[in-house]
Structure formats: structure tokens, C-alpha cells
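> Here you go, sequence then predicted model.
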Amino acid sequence: MSAPGTTTYREALREGLRAALAADDRTFLMGEDVGRYGGSFAVSLGLLEEFGPARVRDAPLSESAFVGAGIGAAIGGMRPIVEVMTVNFSLLALDQIMNNAATLLHMTNGQLNVPLVIRMTTGAGRQLAAQHSHSLEGWYAHIPGLRVVTPATTRDARWMLKAALEDPDPVLVFEHGALLTEPGPDPSDAGEVDLDRAAVRRAGRDVSIITYGGSLPKALAAAELLAAEGIDAEVVDLRTLRPLDTDAIVATVARTHHVVVVDEGWRSGGINAEIIARINDHAFFELDGPVQRVCTLEVPIPYAQHLEEAALPQVHDVVRASRIAVGAAGGSDG
Amino acid sequence: MGEFRMPSLGADMDRGTLLEWRVAPGDVVRRGDIVALVDTDKSEVEVEVFEDGTVAELLVEPGTEVPVGTPLARLDPTGPPSAAPPPAAPSHAPPAAAPAPAPAPETTATGPHAARTASPLVRHLAEVEGVDLAGLEPRDPSGLLHRDDIERAAATHRAPLASPPAEVEPPSGGRGPSASPYARRLAAEAGVDLAELRGTGPAGAVVARDVMPTAPPTAAVSDAPSARGGDKQASTRLAIARVMARSKREIPHFYLSSTIDLAAASRWLELENDRRPPEHRLLPASLLLRATALAAQQHPGINAWWIDDEVQLAGDVDLGVAISLRSGGVVTPSITDAAHRSLDDLMTSLRDLVQRARAGNVRSSELQGSITVTNLGDQGVDAVFGVINPPQVAIVGFGSIAERPVAHDGMLTVHPVLTCTLSADHRAVDGHLGSRFLRTLANLLQEPDALAADPDPGAGP
Amino acid sequence: MTTTPESVDIDLPIALDRLRAMVRVRRFEERCVELYSASAIRGFLHLAIGEEAVAAGVLAALEPDDAVVATYREHGHALLRGLSMRSIMSEMLGMQEGCCGGRGGSMHLFSAEHRFYGGNAIVGGGLPVATGLALADQMQARDRVTACFFGEGAMAEGEFHESMNLAALWELPVLFCCENNLYAMGTALDRSESQVDLALKASSYAMAAWVVDGMDVIAVEHAARAAAAQIRAGGGPVFLELRTYRFRAHSMYDPDRYRDKEEIERWRERDPIALLAAAIVAAGGPADPVGDLEAEVAAEIDDAVAFAEAGTPAPVDSLTRFVTSEVAR
């Protein structure tokens, strides 16, 4: 348990689930090991006892079936929360997410909306190797018809679910595994959040570090190191990868004119590339130098700790990229 | 009279080849009967007829490829066929199979072969350029039109038009300097020619700080996007802080100072101002600026920039003047070509510059001086050791003019004096040059009549 | 394990109604072929000619409140579920008046009003959705059945097995209707399934599974009614293997190389329309029950085609509507 006035990301997620289940009888949680086990990351621990097996529903290992069942149940009047344990397993349900959840509203000319929330853990950093370390939220953000959100703070962990359930369309919530134990202010009274807006987590004047999810703490740590060098970094938490808050991106570029994008996804074709493209489209004449990117090395994520660290974006990478972005010395190799 | 047409058997089927007729003229057919075999790109498919009738005429011979929708046979819904003509007269074949008409040279490009004489790219170019393909004479003996045919035609076509206006910016990648988009925007807004700027960004690119060395960043920053365009004062301060910090970080400053006797200058000024109407009176600053400009002209190593680890002589003396703003902060716009300006001209320029600087109307072209003067005389300080405004290599500081006891012709007397300092970049300037510059400056101030003489634009030092 | 409900003596008015249903579907699809050949209908066009008894029988057994999830070979299912021929034909022609505003086409006919949920063009993709519709009914204690149609080709898909397991495990009210026409596109059943007894395969999920003559509309309806009753009674899902055959190729562009003409001719002898018509004649009904229907059906089709051809092409500026819901947020 946390100190008074503080909580962890995990506890905040659980509180969000508990509040959602308590608020609406149509809401239920369905997924692998969400009940008896308490959730594979202990997020839903205790909810089975509180809400019973019909509403905290252990599903067989059939991602496609239970995600599709979530779609059907949503069409049938329920407000399901489907947990796909991790993004890695969501690939087994990709047909349902992409061909049904994302298309039905448009393909039926507005007849069938799919008010479904799909939660999953994402990201690397825990030595889980190549099959359990994906960061595919950017992939999903490619798909029209979905909303993709990436809570990075205890407040968003607590309150994004409520906003997601109020959305009439499918929302994918990517919870970064490395954030689960991250402490933060107790958000119980912080109130509802807006899923359409990015947030400036640290104001700065010299360079904008644009990031989301599990990379946010790294960006903030980098900003502190940069401050000691006299580089004042602004850190923008995108929060929602689809739809992207283009206005917020443009605004921060207009303030600092130098940009670093930090994305745990791979570089090629990643959400990072889309962010840079948006800058090109809407803020080109605000740029005072090339945009820098800090992304995961284009390799399957390895197991060994030092290799994994080398593959993933690290604080010092963000610092170096920021120096290059502002044209300061010491950012040589990028 | 019905028609049986080449059917569409898939979304990607545009054409089909009739392989075989399964019926002959005179045959009675029923809706759904197989009447022919058709080859699509993918396979051979038996095709059916959609109405009842009698086959009156076969219009296409087996082996012929035709577009979807082409009539293949005529169906007579009523009776037996009239005497059927032989099938598949060439005139019924689709256009692509038709021979070209006897070509008159000027019509070749508009005939059935037109589509083949130019590639899609060439046709696209022609469309964009408004060139009529029909009127072109290909250089290629095979008759194929090439890109350069279009370009040649387009050039002729455009010739009568006015040449592009002079202020059109050269396309990037041309002769123009490499510059960041933001710097380009700032330059465009300020009317600055990028070609005149020295880039300090990546690969020598012009970045924002090169366009406006003291350009304030757009705004102070906060959570609220509405803060855009907000606290200008703070941002000016920030811009100064940046430039000054960079200067002190990068430039190895050294400092010289010299006390200059202004007795002659003060006396001259007094007499001169006595015969001028008040609005045309000169300030001591005009003499100081003129002397500085002339001294800088005589010592070109002082009037220079340090760029890419080497000295670049500036040539003309664009004399930067530190002007304090009422809201706080300093800007250093320059009086261009100050060495060729008269005292009156300098006086007018200074007044104008101060006024515009305080109104925020400094032109970007005025921001890139070759040497700067900071005059804190009216603030009562004895001496000021300035921080160099990069990429300049020197800044001259004037303290207040004060009565001081001086030894003159062996007598202790009281003269107006002033402490003049030079802060110089030791990478570009050494102490010897700095000393000579200060001595020249001091000497010039002893000859106010010469300073007052109309400058000779052609005269060298 | 597997049982086959006996065919029953026909009730003439019901038989005539089912015959009419099948003739409507057959003639509608035949007109579609013509329109496709003339390039009016584009994209993929999959015809169920020969398989009409499946949709006609099962849909006759459902209540208006029940849900239907079908495949991309679903013109007949949509029509018999109650979607107007005009809205279907308009959809095929890409018109705004189509049941999906021209966005779905032949493969994606939907009508929320009729609880007709597609029109699903990924083989096996509809099964999980049907399972979820049934889950919603179960959780809300509603007495409904979700009928889910799929071809036997879907039984090689993981989504089939996952959905069967889930539905049986949670005893969900799903009626799984396998339209076994023996070919998954061009791949014959015994070339794609290790166990060709599909009901046997389904029964391994602890689910009632019956084999039904899919060319006999009365038998299909009878089986579907029995299954629906069992499901409504809380007996969990039921699987029907409806043995049928498509007389035409998989889609318009299919040269039909993988089966011989004799096989097709043999099955044509069991044409569901001809079988039922013969039974009606034998039971003392009209002498030419199909002929009696033609004028009326042709008129309906002519009307639908005229309506669709006079339709409004969906405006391009509406293209970005309904990517997300249009609600005040």
C-alpha cells in the first residue's frame, strides 16, 4: 500500500475499474485470469469478490473469441471492458479489433456503434524478451474507428477508463507494464479527464519533448538533467494517440521551435513518424532545426538486461537528442 | 433487337478475349444458356445470355480481345435470322485493333496512336504545362514524344510571359542558403535576405538566432496554450540571457581600457551647438560613434566576425548601438555603414534607432552589426566592459564624461575625460590590435574638426 | 450425438410461403448476375443459388427479437430477414438509399432495425460477435436467440473453435448454422478437414449438434425451430450442419475448375425450389407453384432495380461521417 495521499499506477487502475463496475450494471470485466487470479498484473485483485463471476468474468485463452464477444455484447447493449492481458496477445484478436470493432460503425453507415473498452498492458523494460515486450499502440493508432489512449499518470490511470466507457466507440487502453509500481498523487478526487487533449507535463522554452505512456517518466527525468545544463525542456504527454491532439503538438513547437519525439515503438512507420509528419503539415515554419527521434532500436527486444536497455529509449538518449535539437554541444552521435 | 455483350466477370476485368462461340446464327437461345467461352486474365469462363431469342449475327470473331461491354452478337427476339453476313467484319472491331488512318504528318499525334506516342509522364507534363501534344514534332525518329520535347515546347510557350518577379525566393536547394523553416519565416516577416545571413545551425544552416540575434522566443511557456504570445518582457530577457550566456560561454573575452581626454571634443561641441538650433544640436555620442566607426574602419581586424573558427572581416562598419528598452532589456541594432556617415547623419540615425528600438520596430537587417558600442555615460558609471555580441569580435564601452584632474603641458588642470574600454574576442583579436584600436579612437577624438568634416566615401584609412 | 430431425408432412400454406421466399432469393440473385455482367454491381459478388433452403428455413424459425449474423453470401438472409429488396439492391449499386448507404456492398448488408448483423466477410469473423450478442442477452436475461451462419470452411478457423468453446462453456443462446456446401472457395471439404463429420466435430464442445438436409427447406425449418426452442429453454448453444450445395461458382470470377459438371448436375436434381414445388404438387397444391410466383417476383425485382438505379450515389462529402459516433460529448 502507498503512503497517505499517494498511490500507485496499479492501484489507480484498480480504483478506476471498481468505480466503473459500481457505476453501471451494463459494465463487466472479461479476460484471461481477471477473476480468481486477480489479474495477471494484480490490477483486478479483489474485484471478483466484490462484483461476482458474471461481471468479473474469467475467459478461456481465446483472445479472438472474447474480444469478438465483447464487440457483440457492446452491440447487444452492454458496456464491456475486455482485458487482453498484454498487447502481445492482442495480435490473436487483431481480426476482431480491426475488421469488426473499427469498421462496423462506418460500414453500416452509422447503424452500429461499438461501445467497447479493451485494456492491455504494453511495453518492454522488464526482461520479458521478444514475444512479451511489444509496444504496438502506434500500430493500433493507425486504424480509423478506434480511439487509442495511453495513461501515464496515476490520474489518467484512475480516470481514463471512465471517459473511455462514456465513449460510444471502441477505445483501446494501453497500460505500460513498467508504470504499474510507479507512485503518484492519489487521484481519487482529481476528477474526470478529457481524452481529446494532450497535457504539458513540464513547461519549458528551449525544446519540446513529445512522448506518451511509459516514456513519460524518462522524458521528465531527461528534462531535469537538461535543466542543469541550461536547456529548458517542455514535456508533452500525448495521452491519446488516436485522435492525436495536433493543436497541442503545434502549440508546443511554436513555443520552443525544437522538437524531440520519444516513442518506445520502433522508428519505421511508428507513431513517432506520424507526430513528425503532423509537425511538417501544421508547424513546418515553426521548426528551427530537424526534429529528433528517440525510439526503440529496430530489433526484437532481447532478454538480457544490458541488451534490453540498449534497445530501449533511455534518459540519456533523450538528453542527447535534446541537445542536438537545440544545437547545443555534446549531442554528437544521436 | 437485343445485344449480347462482353460480360464483366470481376471487378478487375476490363477486357476479355472471345475464345469460342457455342452458338451460331439462327440458333435459338434461352436466358441462362451458355453461348460463348471467354478468356479473362485469370481463366476461361463460360458465359451466359440474359435474354431469350434467336442469334441474328455474331459480331466478333474468336480470338478477338474486346473491352467489357462490347457487343458480341445480335439477338433477334422474334424470328429466324435474315441472311446473316459473315461475322466479325473489321469495322466492328474495337478501336485499338483498327488500322490508323492514312496519316497526314500534323495529325499523327491526334490519331488513334496518340495515346502510344507519349508516356503517361509525358502526357501529364504536357497537361501541366498546357502543351498540346498534337502540335509537337518529336525529335525521336521513332515518333515517340519525350519529356524534353514538352519542356522545349513549354519554354517557348512561356517566353512571352513576364519574367518572374525579382523578389521571388529561390527554391530551396538552389543558390539560397540552407535555413530552418522557422528562420525562413522570421526572415520573410522581417524582410531579411537569407543570403546575407551567416548560419550557425547544423551544417551552417541559418537558424532563428541568426536571423534575429536577440529575437525573443515566441512566448513564455505554461500549461495553457493561451500563453502563446504572452509575456514579451520575460521572453526578451530570455533572449538576451541566451545570447549573453552563449557569448560568455564561447568567447574568450579580454579587456582593455583607456582614459580619453575630451577637452578638445567638448569645446568643439560647445561651439558647434551654440550656432545650431536646439533641435539640431549634437550629443557627445555622435563624436564617440564617429570616432569608433573610423577607428574600426582603420583596424579591420576589430570590425569582423568569428565564424566557423575563423575571422571574417566585415568590411563596412555596421555600428551596433546598445539601446536599453524601457521595459527592460537591451537591443543592439546597428547604424549601417557608419564610417561613411556625417555627425549629423549619425545623430539622426541614432535618434531614429532609439525611437524605433523602443517602439519595437527594429528591422532585422539592422540586427547584424559588425561591432557594437555600449554607452553607459548617462548612467554615471565610470567604465563599462561589455559582453561581445556574437559573432562580432569586439564591443566598445563608454563610461560617463567627467571632470578629472589631468596633467596638461606639465600643469595639473581639470579636463572632461571618459573611460573607453574594449572587450575583444581573443580568438580573433590580440591585445596589440586592441591597443592600437583604442589609441586610434582616442586620437580621433582629439581632432573634432576632422571628425566633423564630411566623410569621403572613397577615402581609405 | 447427432440426430437428424425427420422431414414432416407439409402444410400447404407454409410450404407455398417458403417456396415464395426461395424464389424471391433465387430470382434476385439471378438479376444480380446480370447486373454484375453489365458492370452495374462491382466488387465481389457471392451467390447462394442452390442454397436458398438454408436461409429460408432457419429465418422462418426465428423471432423478430432474435439476432442474425451471416456471411458474405447473405443476400437471401438479408431479404428473408425483412430488409427491403429496394434497400438491398440500392446497396449493391452503391447508392445512398442502400441499407448501408453504399458503404458495404454485396458482402456487408446490415440492418440494426432488423437485428441483422451482416454481412461479415472475414471467414469465421462473425462467430465471436454472435457469441457476444448472445452473452449480452444472457446477462440481461432476455429470451433471445442469435443465429450465426457460416460456411464449413470456417470450421478450420481458430475463431470457430474459440467461439464454440466459449458459447458452450457459458451456455450462451447461439444457434450455430453451418452452411456446408462442400467447398471452401475451391477447396473440397475432405481436402480441408481431418474430420469431415462436422456435427461430430461440433459435438466435441459438449453441444447439441444435428445434421440437416439443407436442400429441404421444411426439414431446415423444423430443425431450426427445435434448436431455437432448446436454446430458449436455457439448453445452451446448438449446432446445425446444413448440407447444401451452391450451383454457381464461388464468386463471379470463379472458373469452377475444382469440381466437375456431373457433380453440379447431380446436385441440381436436388434443387430446393424444385423439390419443394414437387412436394406442393404432390400434396395437391397448384400445378405450377413456381410459375405462379414469377410475375410477382419479377415485378418486385424490377421495382427494386428501378429504385436503385434512380438512387442517389452516396455523396463524397459524407465519406468521413461515422468513422466515430456523432454524439455530443
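Noted; the coordinates are in hand.

> Show me which residues of chain B sit near chain C.
Within reach of chain C by C-beta under 8 Å from any C-beta of the partner chain, chain B has these residues: B:5, B:7-11, B:13, B:32, B:40, B:42-45, B:47-48, B:50, B:68-69. (C-beta placed from N, C-alpha, C; glycine too.)

> C:H77 and C:F110: what is the separation?
11 Å (C-beta to C-beta, to the nearest Å).

> Same check on C:A56?
20 Å.

> ok, these two, which is more surrounded?
Each of C:A56 and C:F110 has its neighbours counted (other C-beta atoms under 10 Å in any protein chain shown); C:A56 has more, 29 against 26.

> contacting residues around the helix or strand hosting the more buried one?
Assigned by DSSP states H and E, C:A56 belongs to helix C:52-60. For helix C:52-60, contacts defined as C-beta atoms under 8 Å, 6 or more residues apart in numbering or on different chains pick out C:18, C:21-22, C:25-26, C:48, C:68, C:70, C:74, C:76-77, C:80-81, C:147, C:149, C:175, C:177, C:179, C:214-224, C:240, C:242, C:244, C:272-273, C:276.

> Next one, pLDDT for the residue of the stretch 101-250 of chain A at minimum distance from chain B please.
The stretch 101-250 of chain A approaches chain B most closely through A:A203 (4.3 Å), counting by C-beta to the nearest C-beta. If you check A:A203, the pLDDT there is 96.

> what's residue 253 sitting at in phi/psi?
Reading this off chain A. Note on A:V253: backbone dihedrals following degrees, to the nearest 10 are phi -60, psi -40.

> so what's it up against?
Applying C-beta under 8 Å, 6+ apart, we find A:V253 in contact with A:208, A:259, A:279, A:283, A:286-287.

> circling back to that earlier point, next structured bit after the helix holding C:A56?
Following helix C:52-60 toward the C-terminus (DSSP H and E): strand C:67-71.

> Report whether the next helix or strand along the chain from that following strand contacts chain A.
Under the assignment DSSP H and E, the closest C-terminal helix or strand after strand C:67-71 is helix C:75-81. No - judged by C-beta under 8 Å from any C-beta, helix C:75-81 and chain A are separated, with a smallest distance of 12.5 Å.

> Run through the neighbouring helices and strands of helix C:75-81.
In terms of contacts (3 or more C-beta pairs under 8 Å, 6 or more residues apart in numbering or on different chains; DSSP states H and E), helix C:75-81 is packed against helix C:12-37, helix C:52-60, strand C:67-71, helix C:85-92, strand C:116-120.

> any idea how far it is from the chain center?
The chain centre lies 7 Å from the centre of helix C:75-81; the measure is C-alpha atoms, centre = their mean, to the nearest Å.

> Averaged pLDDT, it. What do you get?
Here the average pLDDT along helix C:75-81 is 98.

> Now do the buried residues in that helix.
For helix C:75-81, the neighbour count (16 or more other C-beta atoms under 10 Å in any protein chain shown) marks C:75-81 as buried.

> related to what we said a few turns ago, how about a markdown table for the contacts of A:V253, with neighbour count and secondary structure added?
A markdown table is the format used below for the contacts of A:V253 (neighbours: other C-beta atoms under 10 Å in any protein chain shown; DSSP: H, G, I helix; E, B strand; the rest coil):
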| residue | neighbour count | secondary structure |
| --- | --- | --- |
| A:S208 | 30 | strand |
| A:V259 | 29 | strand |
| A:I279 | 23 | helix |
| A:A283 | 21 | helix |
| A:E286 | 23 | helix |
| A:L287 | 25 | coil |
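
> Adding pLDDT and distance to chain B as columns, could you present those residues in TSV?
Below are the contacts of A:V253 laid out as TSV (pLDDT from 0 to 100; distance: C-beta to the nearest C-beta, whole Å):
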residue	pLDDT	distance to chain B
A:S208	98	9
A:V259	98	11
A:I279	97	10
A:A283	94	9
A:E286	93	5
A:L287	95	5
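
> okay, the residues you listed in CSV with distance to chain C next?
Below are the contacts of A:V253 laid out as CSV (distance: C-beta to the nearest C-beta, whole Å):
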residue, distance to chain C
A:S208, 28
A:V259, 28
A:I279, 23
A:A283, 23
A:E286, 27
A:L287, 29
